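1. Sharing a model that was predicted from the sequence below.
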Amino acid sequence: MSTVKEALILAAGIGARMKDAAQNRPKGFISIDGRSLIVRSIEKLLEASIRRIVIGTGFRSELFEGLGKTYPQIDCIRNDLYRETGSAYTLYNSRLMMHNDFLLLESDLLYEKDALRIILEDPRRDLILSSDMTCSGDEVYIEADSSDRLCNMSKKEENLGTIHSEFAGISKLSKDTFAALCRIYEKDFLHVSGVDYESLLVETSRRHGVFVRRVEGLMWCEIDNEHHSERAINRIFPRIKVKDERRARNDRQVSRKGFSINGKLAGEDAI
C-alpha cells in the first residue's frame, strides 16, 4: 500500500483558450456528463486513499474554496500573481503547504482510475506518468534516457533528441525532491515570468533524478481548448467510463472472493 496520502492540484490559470466553453470559470469546472473535471479528480484521489488535497488557485479562487464545503479534505493556497506568473510559481507558492511526499496533478485532466493506482504503486518516489502518443494537439513530449530518467520535455518535437512518450499531467514528488525543486526555482527562475512547471521538473530531474513511467493504452486527456473538449466528450470519456466500470467490477469480485492483491486467497501460504 502506498504511503503517499497527499495531493496538490495546480489550478491557478485563466484558461483563455477555452473561450465560451469555460463560462468565465477555471478549466477545472468544465463539466463532462454532469460532473466537473475537478470534482472527478477529487473523488478519484479520495478513492485512492489520498487524505489531503491542496489546490493551488488563482483565477476565480472562490470556486475552489467552495469545494471545501463538500470535501473537508481540501485546502486552498492562492497565487495572487497568477496573471503574471506561470504554473511553476503556483507549484512553488504551495511549498509551505506540502510537508510529505505527494501527487501533483493539473486541474484540467480527465483520466482513468488506474492512472492513480499505477503511479502510487510504483516504488520510485519521484515519478511522472506518461502515455503513448495521443495525437490530440498541444502535446507535451518527453525525452528520457535508457534508465527512464527524465531528460527534457517540450511541445516541439525538434527540441528533443528522441521521443520517449507523452506527459499525462500526473506526477509524484518526494518531500526532499520538492524542497530541492523550490531551491532551484528561487535560484534560477524566481524573476523569470511565465515559467511552466514542466520546465522546473526537467531542471530538477537533471540535478536530482525524476523518472518516467510510460503506460501503453492509458486513457486520459487534458482540456485546453474547444477541440480538446469535443474529443474528451466524444472519444475519451466513454472509454474511461468502460475501463473504470470494469476495474470496479474486478475489485468487487476480488473483495467478495477474499483474494489478496497478489491473487492468492487471503491467508494462503505462498507456494
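-> Received it, and whenever you're ready, just let me know what you need.

2. Please count neighbours and contacts with C-alpha atoms only from this point.
-> OK.

3. Residue 89 versus residue 185, what's the distance?
-> According to C-alpha to C-alpha, to the nearest Å, residue 185 stands 8 Å off from residue 89.

4. Between the two, point out the one with more neighbours.
-> Between residue 185 and residue 89, counted using other C-alpha atoms under 10 Å, the more crowded position is residue 89 (27 against 22).

5. so how far is the helix or strand harbouring residue 244 off the chain centroid?
-> If you go by DSSP states H and E, residue 244 is part of helix 237-257. How far helix 237-257 lies from its chain's middle: 21 Å, per C-alpha atoms, centre = their mean, to the nearest Å.

6. so residue 90 touches residue 10, yeah?
-> Yes: Residue 90 is within contact range of residue 10, at 6.7 Å (criterion: C-alpha atoms under 8 Å).

7. so what sits against both of the two?
-> Residues touching both residue 90 and residue 10 by C-alpha atoms under 8 Å, 6 or more residues apart in numbering: 56-57.

8. Going by residue numbers, what spans are helices in the stretch 51-200 of the chain?
-> Secondary structure of the stretch 51-200 of the chain, counting by DSSP state H, counting those that start in this stretch: helices at 61-66, 87-93, 114-121, 175-184, 197-208.

9. Highest mean neighbour count out of those helices?
-> Per residue and on average, the most neighbours among the helices of the stretch 51-200 of the chain fall to helix 87-93, with a mean of 24 (mean count of other C-alpha atoms under 10 Å).

10. Could you check how many residues crowd around the nearest residue to residue 152 once chain neighbours are set aside?
-> Spatial nearest neighbour of residue 152, excluding adjacent residues (C-alpha to C-alpha, 6 or more residues apart in numbering): residue 143 at 5.0 Å. Other residues near residue 143 number 23, with proximity taken as other C-alpha under 10 Å.

11. ditto for the one 4 residues further on
-> Per other C-alpha under 10 Å, the neighbour tally for residue 147 reads 8.

12. Now do it against residue 176, distance only.
-> For residue 147, the distance to residue 176 - C-alpha to C-alpha - is 21 Å.

13. got it, and residue 78?
-> Applying C-alpha to C-alpha to residue 78 and residue 176 gives a distance of 23 Å.

14. before we move on, what about residue 226?
-> Distance, residue 226 to residue 176, using C-alpha to C-alpha: 38 Å.

15. cool, and residue 125?
-> 10 Å.

16. How about residue 66?
-> In this view, residue 66 and residue 176 are 31 Å apart by C-alpha to C-alpha.

17. With residue 96 instead?
-> For residue 96, the distance to residue 176 equals 13 Å [C-alpha to C-alpha].
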